[in-house]
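S.K.: predicted model, plus sequence, below.
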Amino acid sequence: MQALTSPGSLVTVAGAVLTVIGTIAYLGDNANLSLPTIFYGIPILLGGLALKSSELPPARRLTPPATLRTLREQSGSEPLRKLLSDVTRWRYGQKAHLESSLEALKLWDEDQPPRLETVEELDCDGAYGLRLGFATEGVSLERWQERQERLGRFFGPGLRAELLSDAPGHLLISLLPRAENNAASDEKAPEGDPPRAATTSSS
């Protein structure tokens, strides 16, 4: 269903409908209708097909959008909020989500690039986090582990990365606030309030 509502699909359907209407009008000798519909329909159809050929679907979102809205909209959550927005929309002309970021991190393989499959929002004791599920493809687990420290810093200040390989060829990357950030938040909390447990269950 998601593929049917993609921008590429909608443009393709619109172009096909106009082309069919124009063809029927042409066969019915209705020049006033056939000329404009065919004139616009065929280019729109070809443009839609071109979009479909380079279409990259959004990563599957495991957390309902309304669940952690308050945490997501906090000012300190902006880097991860932008990251979430980026990977949950249709992309065109890219081999994989976060292509330029993975290239900069030297976690890219031109023939078998890592594929971002899922994204999950996390409540980390009142702070906001994200968990990204990758099919590692041509990039070995060792390469990811070598860049673990840089992964957190790359996606935003005050972030750290935790890696978990839950299956061969699959990697979960949790982008979490650093402990010192949580400690600063705890100092502002009323005395006696217990810390909230982080929601970091594996997908």
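M.R.: Arrived safely, thanks for sending.

S.K.: only C-alpha atoms for contact and neighbour calcs from this point on.
M.R.: Fine.

S.K.: look at Gly152 and tell me its secondary structure.
M.R.: The three-state label given to Gly152 by DSSP: H, G, I helix; E, B strand; the rest coil is helix.

S.K.: all helices for the chain, in order.
M.R.: Using DSSP state H, the helices of the chain run over residues 7-27, 31-53, 69-72, 78-87, 99-104, 141-146, 148-155, 179-188.

S.K.: from Gly41, how far out is the residue nearest the centre of the chain?
M.R.: Central residue check for the chain by Cα atoms, centre = their mean: the C-alpha nearest the mean position is that of Val87, 1.5 Å away. Distance, Val87 to Gly41, using Cα to Cα, to the nearest Å: 31 Å.

S.K.: over to Arg147?
M.R.: 49 Å.

S.K.: the two: who's more crowded?
M.R.: More neighbours surround Gly41 than the other of Arg147 and Gly41, with 24 against 14 (other Cα atoms under 10 Å).

S.K.: the more buried one touches Leu18, doesn't it?
M.R.: Yes. Contact status for Gly41 versus Leu18: in contact at 4.6 Å, counting by Cα atoms under 8 Å.

S.K.: so where is this structure shaky, pLDDT-wise?
M.R.: Residue ranges of the chain with pLDDT under 70: 1-5, 8, 31, 33, 53, 180-203.

S.K.: what do you get if the cut-off is 90, keeping everything else the same?
M.R.: In the predicted model of the chain, residues 1-55, 75-76, 91-95, 166-167, 178-203 satisfy pLDDT under 90.

S.K.: thanks a lot, see you next time.
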